[in-house]
Structure formats: C-alpha cells, structure tokens
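Engineer: need coordinates for the below:
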Amino acid sequence: MSRLTSTEIGAWNGFLRVHSRVWNTLEDAMIKRCGLTMAAYELLLAVEEAGEAGIRMSDLAGKLRYTSGGLTRLADKLQQQGLIQRLRSETDGRGFQVHLTPQGQQKLRRIHVEHLRDVRQQFLGRLSAEEQQTLAAIWQKLEGTTR
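Structural biologist: Have a look, this model is predicted:
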C-alpha cells in the first residue's frame, strides 16, 4: 500500500504536532527559567543518572542519540558554564568521563521540579491514568521493549 489511510494519517500527524508543541513549549519554559535547552537538560539528567562514576562521552552520545561532534559542542558549553566536567578515563586514557559539578547538581535540582510540573501541565495532566498506561504501552511496543 503506497498511501496512508485517514486513520494512519491522523495518528502520525497527531504524534508529530503534539511532539512539536509539547517539546517547544517545554524548551521555551526551560530557556526562560534557567537558560538551558532541553538537550542540555537531558544531558545533565543522563550524567546525574550515571552517578559518581560519571559516564563516558561515547556512551552519553549513544544514550542521547547524538553524534560525537554534536555532543562535544554541547558538552563544551555546559563545561564553560561550570555545570559538568570531563576527566580522562582512568581505565582508558583515550576517553573522557563526564561528571556533574556541584554547580550542575544544584542547577539540576533547582529546575527539575518546575520542569516536571510543566511536563504534567503540558502533557501528562491532559490524560487519564488509564490513557497514560495505554500510551506507555504503545511507546514500549514501538520501541520493541517489554516490561
């Protein structure tokens, strides 16, 4: 079949429109509130999740779906702002481990609560608990994962 059905068009276009609206609204709020993009926020969260050991730049790029060049540019900006530090890997002198600085931890804590409030306001709060469960199952199915 070379064309989408009207249902398929509605499902696909709805996803694209809602994703764009929610992402842009969240990013605008993040930039106004603290001067960070959503990409920078995601990077800080991923580094925080890695814990005290930090995370290798190559692993971080894969986790965030970045090219190494794109990640390096973003990491450079965050390091200049004092939010992260990159240290040579103790196990492999060629690679770098990324760590949150105390300033980065503080900034992340400060913006996290407000960001989650925005996520609930712009997206999750518009769905019932049952709809959230259904949508979570759909995303898992599309990712090819199961719980």
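Engineer: what sits against the residue nearest the centre of the chain?
Structural biologist: By Cα atoms, centre = their mean, the chain has its centre lying nearest to residue 42, at 3.3 Å. With contacts defined as Cβ atoms under 8 Å, 6 or more residues apart in numbering, residue 42 is in contact with residue 64. Where C-beta positions appear, they are placed from N, C-alpha and C, glycine not excepted.
Engineer: residue 127 is in contact with residue 135, isn't it?
Structural biologist: Yes. Residue 127 is within contact range of residue 135, at 6.7 Å (criterion: Cβ atoms under 8 Å).
Engineer: between those two, what contacts are shared?
Structural biologist: Going by Cβ under 8 Å, 6+ apart, no residue sits against residue 127 while also sitting against residue 135.
Engineer: all helices of this protein, in order?
Structural biologist: Listed in chain order, the helices of the chain (DSSP state H) span residues 6-34, 38-50, 57-64, 68-80, 102-122, 129-143.
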